[in-house]
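# Pasted the sequence and its predicted model underneath.
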Amino acid sequence: MEKRCLKVAFGMEDDEHLIDAHYGDSEFFAIYEICENGSVKLLEKRHNKAKDFEEEEHGDPRKFRAVVGQLLDVDVLAAFRMGPNFLRIRDKTNKVAFFTRTRDLKLALQRFVEDFDDLWERVQEKKRAIEKPILEE
């Protein structure tokens, strides 16, 4: 049987802490492959090109598209806190949102591993509902 793995983007402030601000304001995204057997592998640190986006309004939908557009290859977006665009991500994309409830990256990774089965199911549901356009407004 094929091993189940998910690709996850953590919104980071530095190498050890998730950002305590909007996901779109992350310094970079730590992209991990996390598997059901508990294996965790850092794939890359991806610069957040949307960080300096000039927002016309708080939670600007254009910034939302700029953030999601650079994470199209990721299954789950992991963040410490939720802003208005996180609801858009949850409701209007094929991405699953995961709230870590901690800024500590090691603890956030551990929580993801503990919730793996639930997150896997949520990702599969999103994939089954894929006829939804990725970025509807």
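Good, I have the coordinates.

# Quickly run through the sheet partners of the host helix or strand of A78, with directions.
Here A78 sits within strand 76-79, counting by DSSP states H and E. Strand pairing for strand 76-79, determined by DSSP bridges: strand 5-12 (parallel), strand 96-99 (parallel).

# Could you point out the helix or strand that follows that strand?
helix 84-92.

# ok, and for that next one, which residues are buried?
85-86, 88-89, 92 (16 or more other CB atoms under 10 Å). (Each C-beta comes from the backbone N, C-alpha and C, glycine too.)

# could you pull out the helices for the chain?
Counting by DSSP state H, the chain has helices at residues 61-69, 84-92, 105-114, 116-128.

# by contact count, what packs against the first one?
Same thing as helix 61-69. helix 84-92 (3 or more CB pairs under 8 Å, 6 or more residues apart in numbering; DSSP states H and E).

# again with the third one
Helices and strands touching helix 105-114, as assessed by 3+ CB pairs under 8 Å, 6+ apart, comprise strand 5-12, strand 28-35, strand 76-79.

# Quick one: closest of these to F112.
strand 28-35 (5.6 Å; CB to CB).

# buried ones in that closest one?
So strand 28-35, judged by 16+ other CB under 10 Å, has buried residues 28-32, 34.

# Going by distance to R46, which of these wins?
Using CB to CB, the buried residues of strand 28-35 come closest to R46 at F29, 4.6 Å.

# Can you check what pLDDT the model gives that closest one?
For F29, the model assigns a pLDDT of 98.

# Use 841 as the first number from now on
Fine by me, first position is 841 from now on; the one you just mentioned is F869.

# Output the lowest mean pLDDT helix or strand found in the protein.
helix 924-932 (a mean of 78; mean pLDDT, DSSP states H and E).

# tell me what it is packed against?
helix 901-909, strand 916-919, strand 936-939.
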